[in-house]
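*Asks:* sequence and predicted structure below; questions after.
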Amino acid sequence: MIEMRRKDRQVTDGAAIDAIIRGCDCLRLAFPVGDGAPYILPLNFGFVREGEKRVFYFHSAKKGRKLDLARERPLVGFELDRGGELVSGPAACDYAYRFQSVIGTGRLELVEDEAERLRGLGCLMGQYTGRSEGWDFSRMLAAVEVLRLTVEELSCKEHE
């Protein structure tokens, strides 16, 4: 768990963190890019727990900057958030913003094993449809890359 300054907003319960992740619809993936600015991508994702490990899956075209960076710089940052809502008040200092967010780092890799590729694509479908099994990926399996992000550290924050 990444150390947080605002302990009163930190979420530490594993099941609660997983529920927040499952309630998100976009994961932003950040690659370090040498001396330049980071490269950040909004992505659809699939999520699964493997024991104590959290794993995200993504799909990608067979070529592009994302894949080049995944091969060159596999240590990445990520962010997810949900529930953004402005809370108003009579004065500027009374305004606040409600949200839940998860940030962290992990190691990104291309998935070569066909069974895991199918599992990853199923996780992606499960995130958005609620059904992760029973899909036919035969038309797209050869046309896409599947990437796996294994979380190394994360923190979760909630402002209600």
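*Replies:* Cool, the structure landed. Residues are numbered from 1 along each chain as shown.
*Asks:* report the spatially nearest residue to C123, omitting neighbours in sequence.
*Replies:* Using C-beta to C-beta, 6 or more residues apart in numbering and skipping residues adjacent in sequence, the residue nearest C123 is G46, 2.7 Å away. Using the backbone N, CA and C atoms, a C-beta is placed for each residue, glycine as well.
*Asks:* wait, that neighbour sits on G122?
*Replies:* Yes: counting by C-beta atoms under 8 Å, G46 touches G122, with 7.3 Å between them.
*Asks:* which of these two has more residues huddled nearby?
*Replies:* G46 (23 against 19; other C-beta atoms under 10 Å).
*Asks:* and the more buried one, how far from R131?
*Replies:* Noted for G46: a distance of 12 Å to R131, by C-beta to C-beta, to the nearest Å.
*Asks:* give me the common contacts of the two.
*Replies:* M125 (C-beta atoms under 8 Å, 6 or more residues apart in numbering).
*Asks:* pLDDT on stretch 127-137, on average?
*Replies:* The predicted model assigns stretch 127-137 a mean pLDDT of 93.
*Asks:* first-to-last residue distance for it?
*Replies:* Stretch 127-137 has its terminal residues 16 Å apart, counting by C-alpha to C-alpha, to the nearest Å.
*Asks:* list the beta-bridge partners for E153.
*Replies:* Beta-bridge partners of E153, counted by DSSP bridges, are T105.
*Asks:* going forward, count from 38.
*Replies:* All set: I'll call the first residue 38, so the last point we hit is now E190.
*Asks:* wouldn't it be in contact with T142 here?
*Replies:* Yes: the criterion here is C-beta under 8 Å, and E190 meets it with T142 at 5.2 Å.
*Asks:* where do the strands sit along this structure?
*Replies:* For the chain, applying DSSP state E gives strands covering 47-48, 64-68, 76-80, 83-87, 90-97, 112-124, 133-147, 182-196.
*Asks:* ok, E109 - how many residues close by?
*Replies:* Neighbours of E109 (other C-beta under 10 Å): 11.
*Asks:* least confident secondary structure element in this protein?
*Replies:* One helix or strand of the chain scores below all others by mean pLDDT, DSSP states H and E: strand 47-48, with a mean of 80.
*Asks:* show me the contact partners of that strand.
*Replies:* Applying C-beta under 8 Å, 6+ apart, the external contacts of strand 47-48 come out as 41, 54, 57, 137, 192-195.
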